[in-house]
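Participant: here's my sequence, what's the structure:
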Amino acid sequence: MSVTSLRAPTAAACLLVAACELPELPIVEQRWIVPVEETVVDVDELLPNGVVVDPTGAAFDVSVPQVSASETLGDLCGPPCIVASGLMIPVPVPPFSATFSSSEALPPDVLSATIAGAQVDIEIVNGFSFDPLAGGGTLEIVVTDEGGGGTVGQLALDGASEALAPGSTTTRSVTLTSGVVISGPLAATASLDVVGGQVATIDAADVLGVSVTTDPLGVSSITVAVAGRAVDIESTDLEADELDAWFTDAIMSGTILLDISNPFGAGVDGDIDIGGVTKTFSITDAPTSTVDLTYTGDELRSFLGLPGVALTGSGTVVGGPVTISPGIEMRIGATLDVVVRFGS
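Facilitator: Numbering: from 1, shown residues only. Now for the predicted structure:
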């Protein structure tokens, strides 16, 4: 830790001659600047439950529950299949078309998320006694943003080249469209078109199921509600023991100047603690700002010159919502500006 004086002290000189008396040194007050290592508030502090930075550090992983939708043959086909269900003998499958869907919400406080090359697994469980795609039938599964209505991915199966055997499970991977913003629940809609004609025993209680698993959802940025969220300032060693006793004894008062670079777009109100001395602070939502923490000489002398003294802090977010991406952080540079008094 280096210490810089803003003004050189002055003193009277006395020539060492006979009968010369040494004068008292004048009292001189100076300002001294002591730099302190920079500390940060990491973007992780603003992430709600269900959102983490992925292992690469380049995206967020957002946990969205598996979206599962299913319907019985009776509900999908209606009276023709319900009537045939009671016959208990093989009959031609009636033609029918139907749509069914389900959705799952984003984690609480996540208002929107921008897709970043996310992939989903779509699983189709055919509980029917027949292949609904036989003869040219189709099944289309569309993954959408239920908040804005936009399509983020889809899977189309055609009986001309695909089959869903009775009692089978089919899984396909689908890459979602990068850059699409999801502003609401993630929805999956299955549209089934059965040409019919194949012969099978009809059971109206049989089920066709579709599920979409994100595992998890990779996004490049998120917009989150952050007001009231508790955050911690990363602890940093003040290196206060590098200051000599002659200097700390001369301290009259001082200020810790915080220079803040804030990319979050929200403020923080809280406390800074140094060696058991606590001061309140308020950081605005401005990109850059300064905060002054004023100390008495007694407060400064209580921790300056001692080993193991750390600057720590915590607070509560004010404002928002904010849009954040991985890797950003609030950076807080600190400088100790003290007034010292020398002389008798």
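
Participant: got any ranges where the protein has weak pLDDT?
Facilitator: 1-30, 343-344 (pLDDT under 70).

Participant: what ranges does it have for its helices?
Facilitator: Per DSSP state H, the chain carries helices over the ranges 73-77, 79-85, 245-249, 297-301.

Participant: pick the most deeply packed of those.
Facilitator: Across the helices of the chain, the average number of neighbours (mean count of other Cβ atoms under 10 Å) peaks for helix 73-77, which reaches a mean of 22. All C-beta atoms are positioned from the backbone trio N, CA, C, and that covers glycine.

Participant: packing partners of that helix?
Facilitator: helix 79-85, strand 96-104, strand 207-213 (3 or more Cβ pairs under 8 Å, 6 or more residues apart in numbering; DSSP states H and E).

Participant: setting aside sequence neighbours, what's the nearest residue to L258?
Facilitator: V291 (4.2 Å; Cβ to Cβ, 6 or more residues apart in numbering).

Participant: quick check: L300 vs G313, distance?
Facilitator: 18 Å (Cβ to Cβ, to the nearest Å).

Participant: nearest to T39, of the helices of the chain?
Facilitator: helix 297-301 (18.9 Å; Cβ to Cβ).

Participant: and that closest one, what other elements does it pack with?
Facilitator: With contacts taken as 3+ Cβ pairs under 8 Å, 6+ apart, helix 297-301 sits against helix 245-249, strand 251-261.

Participant: give me that answer again for 6 Å
Facilitator: strand 251-261 (3 or more Cβ pairs under 6 Å, 6 or more residues apart in numbering; DSSP states H and E).

Participant: quick one: distance of the strand it packs on to the chain centre.
Facilitator: Centre-to-centre, strand 251-261 and its host chain are 31 Å apart (Cα atoms, centre = their mean, to the nearest Å).

Participant: buried stuff in that strand?
Facilitator: Of all the residues in strand 251-261, those buried under the rule 16 or more other Cβ atoms under 10 Å are 251, 253-258, 260.

Participant: ok, and the closest non-adjacent residue to D337?
Facilitator: Leaving aside its sequence neighbours, D337 sits nearest to T255 (Cβ to Cβ, 6+ apart; 4.9 Å).

Participant: angles on the backbone of the residue nearest to the spatial centre of the chain, please.
Facilitator: Taking Cα atoms, centre = their mean, the centroid of the chain lies closest to L47, which sits 3.2 Å from it. Backbone torsions for L47, taken as degrees, to the nearest 10, come to phi -80, psi 130.

Participant: distance of it from A334?
Facilitator: Distance of L47 to A334, given as Cβ to Cβ: 25 Å.

Participant: quick one on the thing from earlier: please identify which pair of the buried residues of strand 251-261 lies farthest apart.
Facilitator: Based on Cβ to Cβ, the longest span within the buried residues of strand 251-261 runs between I251 and I260 and measures 24.9 Å.

Participant: of the helices and strands packed on helix 73-77, which approaches M330 most closely?
Facilitator: strand 96-104 (32.0 Å).

Participant: now do the contacts for S101.
Facilitator: Shown in contact with S101 (Cβ atoms under 6 Å, 6 or more residues apart in numbering): 69, 187, 189.

Participant: change it to 8 Å
Facilitator: 69, 187-190 (Cβ atoms under 8 Å, 6 or more residues apart in numbering).

Participant: which non-adjacent residue is nearest it?
Facilitator: Per Cβ to Cβ, 6+ apart, closest to S101 is T189, 3.9 Å.

Participant: please verify my assumption that the one you found contacts S103.
Facilitator: No: applying Cβ atoms under 8 Å, one finds T189 not in contact with S103, separated by 9.0 Å.

Participant: looking at strand pairing, list the partners for I182.
Facilitator: A113 (DSSP bridges).
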